[in-house]
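Participant: give the three-dimensional model of this entry:
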Amino acid sequence: MKRRNFITATLLSIPAFSFAGFNLWSNKTVRTTPKKGFLIIRANESRFDGVQKTMTSDLLRCVISNKDSDGQLLMGSTMPNALKRKGGPPLHIHKTQEEVFFVLSGEFLIQIGDEIFTAKTGDAAFIPRGTPHTFANPIENNPGSLISIHFPGSDEMESYFKTIASGKFPEESQADLTDVGPPIDLNAVKKN
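Facilitator: Residues are numbered from 1 along each chain as shown. Here you go, the predicted model:
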């Protein structure tokens with residue numbers, strides 16, 4: 001085969017790779033859309049591991065499991081029992097996941113990099129992978145709720161959330177989560 005024909009044939013085959021679910025540039029398989037949806041997750045239910053169960057005293061709930069979305073996202077929310085005390089997790093990063101915080105109700109503090117924002121009902125924050133971030137509950141017995149969406153999802157992150165939902169904090173985890181600083185210092189934050 002002549003060099004010119006080889007180059008032409010190679011360039012023409014690139015679309016075939018992309019339609020086959022393979023991204024030539026990143027060497028990763030492109031995920032497909034899940035084939036099965038589900039109607040509704042009731043307020044007292046959770047879907048950890050793609051199994052819908054009634055909750056009892058869970059601190060977090062899984063709204064969309066990693067298994068539900070074929071690994072494309074993981075969506076969870078806080079429950080009132082999780083927000084009895086002020087504070088939040090340490091400043092951390094996700095190396096392979098983006099994250100979105102959405103304040104369903106109430107008020108929270110969200111830190112992205114060095115900036116701390118007051119987020120109220122209806123506010124949202126986008127955190128690109130590799131960006132230090134965290135959130136904090138600024139009041140005792142916060143009646144609010146915060147939704148967290150990770151994409152892509154992962155079984156390891158879901159397992160981490162499942163452990164926290166039961167009231168424990170994992171000593172070790174394979175989740176895409178690296179602590180890089182302290183939690184938000186609630187005494188030092190000025191309301192904006």
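Participant: distance of residue 184 relative to residue 44?
Facilitator: Taking Cβ to Cβ, to the nearest Å as the measure, residue 184 falls 30 Å from residue 44. Yep, even glycine has a C-beta here, placed from its N, CA and C like the rest.
Participant: just the buried residues of the helix or strand hosting residue 150, please?
Facilitator: Assigned by DSSP states H and E, residue 150 belongs to strand 145-151. For strand 145-151, burial by neighbour count (16 or more other Cβ atoms under 10 Å) applies to 145-146, 148-151.
Participant: and it, C-alpha only, in PDB?
Facilitator: Extracted as PDB, the C-alpha positions of strand 145-151 are listed here (Å, rounded to 0.1, in the frame of the first residue of the first chain):
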ATOM      1  CA  SER A 145     -30.700  19.600  52.200                       C
ATOM      2  CA  LEU A 146     -27.700  19.500  49.800                       C
ATOM      3  CA  ILE A 147     -27.500  17.400  46.700                       C
ATOM      4  CA  SER A 148     -24.200  16.200  45.500                       C
ATOM      5  CA  ILE A 149     -23.600  14.800  41.900                       C
ATOM      6  CA  HIS A 150     -20.400  13.100  40.900                       C
ATOM      7  CA  PHE A 151     -19.600  12.400  37.300                       C
END
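Participant: if we can go back for a sec, including distance to residue 113 and pLDDT, could the buried residues of strand 145-151 go into TSV?
Facilitator: Converted to TSV, the buried residues of strand 145-151 look like this (distance: Cβ to Cβ, whole Å; pLDDT from 0 to 100):
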residue	distance to residue 113	pLDDT
145	25	92
146	19	94
148	18	95
149	19	96
150	19	95
151	20	94
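Participant: closest to residue 175 among those?
Facilitator: residue 150 (9.5 Å; Cβ to Cβ).
Participant: distance-wise, check residue 150 relative to residue 69.
Facilitator: 10 Å.
Participant: please read the previous query as pertaining to residue 156.
Facilitator: To residue 69, residue 156 is 15 Å away according to Cβ to Cβ.
Participant: of those two, which one has the most company?
Facilitator: Shown here are residue 156 and residue 69; by other Cβ atoms under 10 Å, residue 69 has more neighbours (18 against 14).
Participant: go ahead and confirm the more buried one touches residue 155.
Facilitator: No. Here residue 69 lies out of contact with residue 155, judged by Cβ atoms under 8 Å, at a distance of 11.6 Å.
Participant: show me this structure divided up by domain.
Facilitator: Using automatic domain parsing, the domain parsing of the chain gives 1-30, 45-179.
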